[in-house]
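Student: with the input below, show me the fold.
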Amino acid sequence: MTFRNRITVIYFVSLLLSLKLCAFSARHETGPIHVGSAWNIYKGGLYVLGQGRFYSATDKVSKNRQESEVIVWDSQLSATLYWGMTHHWQLGFTPILSQKHHLEDPPQDSDSPGDMLLHVKFGSVGPRKAPFRLAVQFDVRLPVAEHHNIPLHPYSADALGYGAMGLLSLARPSQPDYGFAWHLNAGWFTHNDKGLTISNKENDPVTVQSPTQEMLFGSQARLKGKKLGLFAEVYGCYFLQEPPETAYTRENYVYFTPGIIYQFNPYIQVFASADLMLQGWQDKTAYESENGASVEKQWDNLPNMPNWRFNFGLSFRLKEGKPPAAPAAETATPATTEVPEEENKRDKETRKQRENDLKELEQQLKDRDSQQIIENDEEREQRIQAERQRMLEILQRLREAMENEEKEESEQNRSTVPEE
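Tutor: Numbering: from 1, shown residues only. Model prediction:
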């Protein structure tokens with residue numbers, strides 16, 4: 001293992017250990033493997049997503065009129081850090097920590113770090129209670145990798161690339177991480193590679209005549225409960241300006257990706273999916289025996305992009321951040337209107353009736369104490385029963401009035417609680 005590889009491994013292990021498994025709910029970053037969400041994480045939120053991909057197949061390769069079997073394999077490991085700068089601005093940083101492959105000719109380091117990507121998203125745009133959000137994301141690819149133009153990898157060049165992506169998401173606005181959600185992405189990217197020689201051959205006469213440009217698109221549907229979730233994606237790439245003929249992956253491609261999500265707790269979740277190629281089988285690369293180009297043909301029958309690929313990932317929430325406050329118009333006390341005036345009038349009448357009942361009860365007690373009543377036993381019993389019935393009626397009205405008042409106060413308190 002080279003010194004550079006040791007540094008990469010130490011960096012990744014240190015990153016995982018520093019997380020202390022404090023986990024990640026992936027709020028507004030749940031689910032999509034290749035398709036992004038228009039919802040942002042909360043202001044001040046900090047999230048980490050680790051993701052890996054693997055592919056393997058067996059094919060034949062013909063060299064010097066001899067045919068031999070070759071095992072084709074490829075893997076990639078990356079980590080993404082998301083930070084919520086504000087409620088609408090989100091920053092992402094993705095280093096490709098490791099990309100391993102079987103290639104030996106031309107000689108290459110079989111395990112080396114890849115490029116780095118920067119993401120700046122202006123998102124969570126839309127009415128607060130509406131079920132949709134809009135976003136636009138700007139991406140920059142920094143060419144820090146030692147190798148480019150690698151089979152089984154999407155096209156990349158040793159130049160600073162940049163692009164923009166529009167995002168649309170539909171979900172329940174109060175809890176976009178749960179229930180049904182749908183995401184749609186469409187964007188453009190330029191590799192800024194004009195004048196470059198793509199292959200590693202010194203005598204390769206082919207250079208890039210026009211900057212390679214591509215259109216990226218994807219859609220995802222997701223259904224997630226408290227613990228378990230399922231999703232399906234369709235994503236792909238269409239070249240507006242194709243790479244040079246010596247590029248390994250010049251083909252337009254489309255993949256279908258079903259997957260599963262499992263939420264361990266509010267902080268940590270894992271996901272897995274499989275990419276299944278729908279389009280991209282045609283080999284458009286010109287090899288060393290064609291058109292004066294000089295690129296090795298790595299196998300005979302397999303496409304340049306994987307016809308299948310396994311994805312897995314682990315996501316953590318380091319800090320949830322602060323949710324946006326409710327608008328002042330929603331939290332302010334409503335202005336007085338005719339309806340509150342009528343309610344106040346009824347309240348005054350109820351209080352007045354209750355006061356009158358109390359005064360009447362008090363007066364009856366005073367009259368009974370002050371007056372000397374001459375009556376026989378039967379009359380006294382009837383009087384006592386009548387007074388008792390009257391007092392019970394007054395107490396019943398008082399009890400009903402108090403219960404109604406408590407019920408109205410409780411309903412008013414619930415209506416003034418701000419929505420989360």
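
Student: show me where the stretch 101-250 of the chain has strands.
Tutor: Along the stretch 101-250 of the chain, the segments classed as strands by DSSP state E, counting those that start in this stretch run 111-112, 116-125, 132-142, 161-170, 179-190, 213-224, 228-241.

Student: given the last one, what are its sheet partners and their directions?
Tutor: The sheet places strand 228-241 alongside strand 213-224 (antiparallel), strand 253-263 (antiparallel), with pairing taken from DSSP bridges.

Student: and that strand, how far out from the chain's middle?
Tutor: Computed by Cα atoms, centre = their mean, to the nearest Å, the chain-centroid distance of strand 228-241 equals 15 Å.

Student: check the fourth one too.
Tutor: Centroid separation for strand 161-170 versus its chain: 14 Å, with Cα atoms, centre = their mean.

Student: contacting residues around Asp283?
Tutor: By Cβ atoms under 8 Å, 6 or more residues apart in numbering, the contact set of Asp283 is 251, 303-304. Glycine gets a C-beta too; all of them are placed from N, C-alpha and C.

Student: so which of the residues you listed is the most crowded?
Tutor: Among the contacts of Asp283, Asn304 has the most neighbours (other Cβ atoms under 10 Å), with 23 neighbours.

Student: separation between that residue and Tyr287?
Tutor: As judged by Cβ to Cβ, to the nearest Å, Asn304 and Tyr287 stand 11 Å apart.

Student: and the strands of the stretch 101-250 of the chain, which one is worst for confidence?
Tutor: Sorting those by mean pLDDT places strand 111-112 lowest, at a mean of 75.

Student: can you tell me the strand partners of it and which way each runs?
Tutor: Going by DSSP bridges, the partners of strand 111-112 are strand 89-101 (antiparallel).

Student: pick out whichever of the contacts of Asp283 sits closest to Glu408.
Tutor: Nearest to Glu408, judged by Cβ to Cβ, of the contacts of Asp283 is Glu251 at 69.3 Å.

Student: give me phi/psi at Leu392?
Tutor: When quoted as degrees, to the nearest 10, the phi and psi of Leu392 stand at phi -60, psi -40.

Student: just the mean pLDDT for the helix or strand encompassing Glu362, thanks.
Tutor: Here Glu362 sits within helix 338-370, counting by DSSP states H and E. For helix 338-370, mean pLDDT is 68.

Student: give me the below-cutoff pLDDT ranges for the stretch 1-150 of the chain.
Tutor: For the stretch 1-150 of the chain, the stretches flagged by pLDDT under 70 are 1-33, 63-66, 103-110.

Student: ok so, going back, now the contacts of Asp283 as TSV including secondary structure and distance to Lys297?
Tutor: As requested, the contacts of Asp283 are exported to TSV (DSSP: H, G, I helix; E, B strand; the rest coil; distance: Cβ to Cβ, whole Å):
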residue	secondary structure	distance to Lys297
Glu251	coil	15
Pro303	coil	13
Asn304	coil	10
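
Student: nearest to Phe271 among the residues you listed?
Tutor: If you rank the contacts of Asp283 by distance to Phe271 using Cβ to Cβ, Pro303 comes first, at 25.6 Å.

Student: residue contacts, the closest one?
Tutor: 251, 277, 280-283.

Student: need these in CSV with pLDDT and distance to Lys43, can you?
Tutor: Listed next are the contacts of Pro303 as CSV, based on pLDDT from 0 to 100; distance: Cβ to Cβ, whole Å:
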residue, pLDDT, distance to Lys43
Glu251, 92, 41
Met277, 95, 40
Gly280, 90, 40
Trp281, 88, 46
Gln282, 87, 47
Asp283, 86, 48
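
Student: which pair in those residues spans the largest distance?
Tutor: Met277 and Asp283 (13.2 Å).

Student: Arg53 contacts Arg309, doesn't it?
Tutor: Yes - the pair Arg53 and Arg309 qualifies as a contact (Cβ atoms under 8 Å) at a distance of 5.5 Å.

Student: run a quick neighbour tally on the closest residue to Arg172 other than its chain neighbours.
Tutor: Leaving aside its sequence neighbours, Arg172 sits nearest to Gly179 (Cβ to Cβ, 6 or more residues apart in numbering; 5.0 Å). Using other Cβ under 10 Å, Gly179 is surrounded by 14 other residues.

Student: list the contacts of Gly179.
Tutor: Counted by Cβ under 8 Å, 6+ apart, Gly179 has contacts 171-172, 223-224.

Student: need the max-distance pair from those.
Tutor: Arg172 and Leu223 (11.8 Å).

Student: helix, strand or coil: sort out Glu409 for me.
Tutor: helix (DSSP: H, G, I helix; E, B strand; the rest coil).

Student: show me what contacts it?
Tutor: Counted by Cβ under 8 Å, 6+ apart, Glu409 has zero contacts.

Student: tell me the spacing between the nearest residue to Tyr42 once chain neighbours are set aside and Gly187.
Tutor: Leaving out its chain neighbours, the residue that sits closest to Tyr42 by Cβ to Cβ, 6+ apart is Gly321, at 3.1 Å. According to Cβ to Cβ, Gly321 and Gly187 sit 26 Å apart.

Student: just Ile384 next, same as before
Tutor: The gap separating Ile384 from Gly187 is 89 Å, by Cβ to Cβ.

Student: who's more crowded, these two?
Tutor: Gly187 (19 against 11).

Student: run through the bridge partners of the more buried one.
Tutor: When assigned by DSSP bridges, Gly187 has beta-bridge partners Met165, Leu216.

Student: ok, it - contacts?
Tutor: So Gly187 contacts 137, 139, 163-166, 215-217 (Cβ under 8 Å, 6+ apart).

Student: now do 6 Å
Tutor: Neighbouring residues of Gly187 by Cβ atoms under 6 Å, 6 or more residues apart in numbering: 163-165, 216.

Student: again, but for Leu230
Tutor: Per Cβ under 6 Å, 6+ apart, neighbours of Leu230: 223, 260.

Student: care to break the protein down by domain?
Tutor: The chain resolves into domains spanning 3-324, 330-416 when parsed by automatic domain parsing.
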